[in-house]
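>>> Make a model of this:
(chains A and B)
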Amino acid sequence: MAKTEGNQLAKSSPFKAWAINHLRTFIASLGNMTRHPASSFMTIAVIAIALALPTGMFVMLNNASNVSIGWDNSAQISVFLKARVTEKQAKKLMGKLRLYDDINQVSMIHKKQALKEFRKISGFGDAIESLGDNPLPHVLTIQPVVDANRPDKIRHLIKQLNQQKQVELAQLDLQWVKRLFAMLEIAQRTIWVIASLLGIAVLLVVGNTIRLDIQNRRQEIEVTKLIGGTNAFIRRPFLYTGLWYGIGGGLFAWFLTILSISLLDNSVEHLANLYNSGFQLQGLSFSEGFNLIGFSCFLGLSGSWIAVGRHLSEIEPS
Amino acid sequence: MIRFDNVCKRYPGGHEALNNVSFHLPRGKMAYLTGHSGAGKSTLLKLIALIERPSRGNLVLDGINLSNVGNSKVPYIRRNIGIVFQNHHLLYDRPVFDNVALPLIIAGFQHREIGKRVRAALDQVGLLNKEKSAPITLSGGEQQRVGIARAIVHKPGLLLADEPTGNLDPELSREIMQLFARFNDVGVTVLIASHDLDLIRQMGSPVVSLNKGLLSHNDLEVTSHG
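Below is the predicted model:
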């Protein structure tokens, strides 16, 4: 056709046209959302709250792990010697234990020193005085070589220690750390489950919003199809709207997380001070924040993709 | 340009809308399609615009057999057709300019070029001063002319109109028909479905008539094979 040749000249190259179209839609879909600020904001707020909840839990969990991270290495075996073991015998045993491969360090808490400390800390000074005899034994504290992959090694060491004739009881102080880690792991899994459920909720919220959007713009879709809009062209504004919901929801969720942490910060610092700890609440790092936004974008885009796939093909001009 | 070759269209449920219709509208020609409502005029236009597909027979548009066109090709074929609807099909959430610009945006024209072409199209239909108006504030005749501007803004080779004067008084109707004739003068192939026989007689272009799905009158040549 003679006329189409003239058209080709004024038209941009296919790639440029495609890029222009994308940019145009990207901005236009944002403009469309700002035309209904209240409903757009509510959708974004729902997404943000759904994402901020697991994110906040994740942050708290991270902090809990941070607190306990030093404890793993401070695994310590306390060896309570029998009451009749003298200081000399205890020192001899200490020398012997130092030769063990599995032992990093051995130190001794003399029973006099232990009594002094106990008296000071417990406040039972007078009561202890009245006992006359020191009821406490010498104690050896052992820093074992910690191999996270070989917990049985430590167990074996404890067994060996318990077989020494001077030893009343050797026990690992790590047990409660292990329990804590186990609890943290349960907490982590719980958070993943909650995050997955809320992620699905975000998907559905975006999908439903886009579905309504498609219904409201039914006539526009029909007309666009009639004058030669491809399915990709018609799909595009809805996908970008979903993406914008994702970006908005992610940013807002990040903001909510920061806000919540700053609300908790003072109380945590107070608590840490009571424990003479310099512990400070860690918020989301930048990379974690961007991950949050990225995940949110992914959910927004997927949600709109599902809605578009289901509902756009139903609309054909007639 | 348009060649119907024993085309039948049967809708699900058995209603036969077109029965063995054959005619040929050459490039650059203008013709009217008449018939009572329900005679199959709209169906015929829908077949050309690929809104419906023929049940039987061949329909060739600009050398392309529409029976064999895949769904993904449909938009690109429609881009060479301008369609004017009886009820305008304007988008009321945006001004006249944006309505007319839609085909150019779809085709990926540059911003500057869009402004130029939209104003040229609005000028042709005499609405240059209305580009910022909301369509709802315009009269029926003006809305129809916005629809026409949108149909011709991308300079399609073929212009289809389905009862374009259906809701207009005789004076406006004649103006609209004269507008179509002017596009035909510059080489656009035009096919207008209308039941306004008095007006059509005044315009003096060839007429194709349908009656209950059958071709009852044809001023154009009948399709010859080969």
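
>>> If we ignore the residues flanking it in sequence, what's nearest A:Gly248?
Distances taken as C-beta to C-beta, 6 or more residues apart in numbering or on different chains put A:Ile44 closest to A:Gly248, at 4.0 Å, once the chain neighbours are dropped. C-betas here are computed from N, CA, C, even on glycine.

>>> And the helix or strand where the one you found lies, what does it pack against?
Here A:Ile44 sits within helix A:37-68, counting by DSSP states H and E. Helices and strands touching helix A:37-68, by 3 or more C-beta pairs under 8 Å, 6 or more residues apart in numbering or on different chains; DSSP states H and E, are helix A:175-216, helix A:231-274, helix A:286-311.

>>> For that helix, buried residues please.
Across helix A:37-68, burial judged by 16 or more other C-beta atoms under 10 Å in any protein chain shown covers A:40, A:43-63.

>>> And for stretch B:3-18?
Buried residues in stretch B:3-18 (16+ other C-beta under 10 Å): B:3-5, B:7, B:9, B:16-18.

>>> tell me the pLDDT at the closest residue to A:Trp244 other than its chain neighbours?
Ranked by C-beta to C-beta, 6+ apart and with sequence neighbours excluded, the top spatial neighbour of A:Trp244 is A:Leu30, at 5.5 Å. On the pLDDT scale, A:Leu30 is placed at 89.

>>> Ok, A:Asp133 next?
A:Asp133 is given a pLDDT of 77.

>>> in a helix, that's where it is, yeah?
No. Under the criterion used here (DSSP: H, G, I helix; E, B strand; the rest coil), A:Asp133 is coil, not part of a helix.

>>> what about it, distance to chain B?
From A:Asp133 across to chain B, the span is 94 Å (C-beta to the nearest C-beta, to the nearest Å).

>>> what's around that residue, how many residues?
Residues near A:Asp133, counting by other C-beta atoms under 10 Å in any protein chain shown, number 6.

>>> And the one 3 residues further on, by the same measure?
Residues near A:Leu136, counting by other C-beta under 10 Å, number 18.

>>> Contact partners for it?
For A:Leu136, the contacting residues are A:111, A:114-115, A:118, by C-beta atoms under 8 Å, 6 or more residues apart in numbering or on different chains.

>>> for A:Ala127, same thing?
The neighbourhood of A:Ala127, defined by C-beta under 8 Å, 6+ apart, contains no residues.

>>> ok so, going back, just how off-centre is the next helix or strand after the helix holding A:Ile44 within its chain?
Using DSSP H and E, the helix or strand that follows helix A:37-68 towards the C-terminus is strand A:77-81. Between the centre of strand A:77-81 and the centre of its chain there are 37 Å (C-alpha atoms, centre = their mean, to the nearest Å).

>>> Residues contacting strand A:77-81, please?
A:90, A:93, A:137-144, A:154, A:157-158, A:161, A:166-173.

>>> could the helices and strands packed on helix A:37-68 go into CSV alongside mean neighbour count?
Output for these, formatted as CSV (neighbours: other C-beta atoms under 10 Å in any protein chain shown):
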stretch, mean neighbour count
helix A:175-216, 16
helix A:231-274, 18
helix A:286-311, 19
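
>>> Export these to a markdown table and append columns for distance to B:Leu50 and mean pLDDT.
Shown next, in a markdown table, are these (distance: least, C-beta to C-beta, whole Å; pLDDT from 0 to 100):
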| stretch | distance to B:Leu50 | mean pLDDT |
| --- | --- | --- |
| helix A:175-216 | 22 | 88 |
| helix A:231-274 | 14 | 91 |
| helix A:286-311 | 22 | 93 |
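
>>> could you dump the ones you listed to JSON lines with distance to B:Leu158?
Below are these laid out as JSON lines (distance: least, C-beta to C-beta, whole Å):
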{"stretch": "helix A:175-216", "distance to B:Leu158": "30"}
{"stretch": "helix A:231-274", "distance to B:Leu158": "21"}
{"stretch": "helix A:286-311", "distance to B:Leu158": "31"}
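
>>> Quick one, which of those gets closest to B:Lys212.
B:Lys212 sits nearest to helix A:231-274 of all the helices and strands packed on helix A:37-68, at 35.8 Å, using C-beta to C-beta.

>>> Quick check: the gap between the residue of the stretch 51-200 of chain A found nearest chain B and A:His36.
Closest to chain B within the stretch 51-200 of chain A is A:Leu51: 31.4 Å, counting by C-beta to the nearest C-beta. To A:His36, A:Leu51 is 22 Å away according to C-beta to C-beta, to the nearest Å.

>>> so the residue most central in space within chain B, which of the three states?
Nearest to the mean C-alpha position of chain B, by C-alpha atoms, centre = their mean, lies B:Leu160 at 1.1 Å. Three-state assignment for B:Leu160 (three-state DSSP): strand.
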